[in-house]
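K.L.:
Everything below, folded, please.
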Amino acid sequence: MARKAIMLGPLLGLLSAASFALNVTVIRRAVLRASASQATIVTVFAGVPIALIMAAATGQLFRISSLSGTSILLLIGGGISQFVIGRYGNYRSIQCLGATASAPLRSLAAVFSVALAIIFLDEQVNFLMGVAITLLIISPLFTLQIGGGSRKSSIATSADTPLPPPPSGGSSSETPPKKHPVFVRKQAEGYLWGLVMGVGYGTTVLFIRAALKDSGMAIAGVLIAYVAGAVVLFIIFAATKQLADAKGVTREAAPWYMLATVSILLAHTFRFIGFSIAPVTLIAPFQEISALFVMFFSYFINRRAEVFGSRVFLAIIVAISGAALLASQA
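P.N.:
Here you go, the predicted structure:
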């Protein structure tokens, strides 16, 4: 494999991590007012036409026939694993725990990815790469949940606090501001869905790497995976009568869904391109830095609905150390 392609892998991993983190942050804001099933339906279905345009613009749409039947089946499997199992588990975990508290659980995906790559793809890991991967995987754990399982938080500011009722016999010409949703963490449920997310996202890379290795058809792969995921989701949600959720998008949630759709599509595009040119063991660990990007984006978008502290800075130092060490081994 060309050294240039391998060196590009970590960069694609970082770009994917940043895009994924932005998605996690805005979805966290959206599911304060909506369901995880609605978030899944909207972001997957809306992603299909965008992926189609990208595939057509790159010319890969017209070369899909160059992919073997086995590769297409693998991409279909990857789409189901990624968009049905992984994404729904991810959004449920975010809904239960919040964006920052669910971030460490996404490290499970890297564990599954690296383990499967070594077992099924015969990829090799030397001692220093092992140390680097370990640092990248454990770095988000320093940001693990602070406080009890029933902690409440709100995105409301002091200015959002409703006015007290007027004194007896009096009246008020002021209209109390609209109340903001209160967030209650559900620890056990959140960790369970985090495990589902880890399995879904972790196994996806096995399908992607096996299907797209050195093919130059990563964008077409994204399209096939999106279509496969959308079809399966349509069947599942139609059978459970949840398709109506897609029609109930509120005006407040709509812009967050638009940003979430674009950001997650970019994350998958960088991811597919990366896995098509570089080993899983090189790229997957870099994506775990998304937990730190989540902290960055959450500070500006969901500052009052998340938890921040000195642990974040320790996590950043550990992650940067791991990333630098792994990049040096490329």
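K.L.:
and the spatially closest residue to Ile76 that is not a sequence neighbour, what element?
P.N.:
Once flanking residues are discounted, Ile76 sits nearest to Ala228: 4.1 Å by CB to CB, 6 or more residues apart in numbering. All C-beta atoms are positioned from the backbone trio N, CA, C, and that covers glycine. Ala228 is part of helix 218-239 when elements are defined by DSSP states H and E.
K.L.:
and the closest residue to Ala55 other than its chain neighbours, helix, strand or coil?
P.N.:
Using CB to CB, 6+ apart and skipping residues adjacent in sequence, the residue nearest Ala55 is Leu61, 3.9 Å away. At Leu61 the chain is in helix, as set by DSSP: H, G, I helix; E, B strand; the rest coil.
K.L.:
could you pull out the strands for the stretch 151-300 of the chain?
P.N.:
Secondary structure of the stretch 151-300 of the chain, counting by DSSP state E, counting those that start in this stretch: strands at 152-154, 182-184.
K.L.:
Quickly, which of those strands bottoms out on average pLDDT?
P.N.:
Mean pLDDT per stretch puts strand 152-154 lowest among these, at a mean of 46.
K.L.:
returning to that earlier point: pLDDT score assigned to the residue nearest to Ala55?
P.N.:
95.
K.L.:
Hmm, Ala220 and it touching each other?
P.N.:
Yes: between Leu61 and Ala220 there is a contact under CB atoms under 8 Å: 6.6 Å.
K.L.:
how about the helices in the stretch 1-150 of the chain?
P.N.:
With DSSP state H, counting those that start in this stretch as the criterion, the stretch 1-150 of the chain has helices at 3-30, 36-58, 69-79, 87-97, 99-102, 107-120, 127-138.
K.L.:
Now do the residue nearest to Ala55: how many residues are near it, please.
P.N.:
Residues within reach of Leu61, counting by other CB atoms under 10 Å, total 16.
K.L.:
and it, how far is that from Phe272?
P.N.:
In this view, Leu61 and Phe272 are 15 Å apart by CB to CB, to the nearest Å.
K.L.:
rewinding a little: ok, now which ones touch the residue nearest to Ala55?
P.N.:
Residues in contact with Leu61 (CB atoms under 8 Å, 6 or more residues apart in numbering) are 52, 55, 220, 223.
K.L.:
quick one on the thing from earlier: separation between the residue nearest to Ile76 and Ile72?
P.N.:
Distance from Ala228 to Ile72, counting by CB to CB: 9 Å.
K.L.:
Over to Val222?
P.N.:
For Val222, the distance to Ile72 equals 13 Å [CB to CB].
K.L.:
Give me the helices and strands touching the helix holding Ala228, please.
P.N.:
helix 36-58, helix 69-79, helix 187-212, helix 254-277 (3 or more CB pairs under 8 Å, 6 or more residues apart in numbering; DSSP states H and E).
K.L.:
Show me the one of the ones you listed that comes nearest Leu12.
P.N.:
helix 254-277 (3.5 Å; CB to CB).
K.L.:
low pLDDT regions in the stretch 1-150 of the chain?
P.N.:
Where the stretch 1-150 of the chain drops to pLDDT under 70, the residues are 1-6, 99-101, 103-104, 106-107, 140-141, 143-150.
K.L.:
one step back: would you turn the helices and strands packed on helix 218-239 into JSON lines with distance to Glu123?
P.N.:
Below are these laid out as JSON lines (distance: least, CB to CB, whole Å):
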{"stretch": "helix 36-58", "distance to Glu123": "27"}
{"stretch": "helix 69-79", "distance to Glu123": "17"}
{"stretch": "helix 187-212", "distance to Glu123": "9"}
{"stretch": "helix 254-277", "distance to Glu123": "11"}
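K.L.:
quick one: which of those helices is nearest Phe20?
P.N.:
Here helix 254-277 is closest among these (CB to CB), at 4.0 Å.
K.L.:
which parts of the closest one are buried?
P.N.:
Applying a neighbour-count criterion of 16 or more other CB atoms under 10 Å, one finds 256-257, 259-277 buried in helix 254-277.
K.L.:
Give me the helices and strands touching it, please.
P.N.:
helix 3-30, helix 36-58, helix 187-212, helix 218-239, helix 280-287.
K.L.:
Mind putting these into a markdown table with distance to Ser321?
P.N.:
Listed next are the helices and strands packed on helix 254-277 as a markdown table, based on distance: least, CB to CB, whole Å:
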| stretch | distance to Ser321 |
| --- | --- |
| helix 3-30 | 14 |
| helix 36-58 | 33 |
| helix 187-212 | 23 |
| helix 218-239 | 30 |
| helix 280-287 | 12 |
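K.L.:
Would you point to the one among those helices that's packed deepest?
P.N.:
Ranked by average neighbour count under the criterion mean count of other CB atoms under 10 Å, the helices and strands packed on helix 254-277 are headed by helix 280-287 at a mean of 28.
K.L.:
Distance from the chain centre to that helix, please.
P.N.:
15 Å (CA atoms, centre = their mean, to the nearest Å).
K.L.:
contact partners of it?
P.N.:
Taking CB under 8 Å, 6+ apart as the rule, helix 280-287 contacts 6, 9-10, 12-14, 16-17, 20, 109-110, 113-114, 116-118, 121, 123-125, 129, 132-133, 136-137, 205-206, 209, 271, 274-275, 322-323, 326, 330.
K.L.:
For that helix, the averaged confidence score.
P.N.:
What helix 280-287 shows for mean pLDDT is 77.
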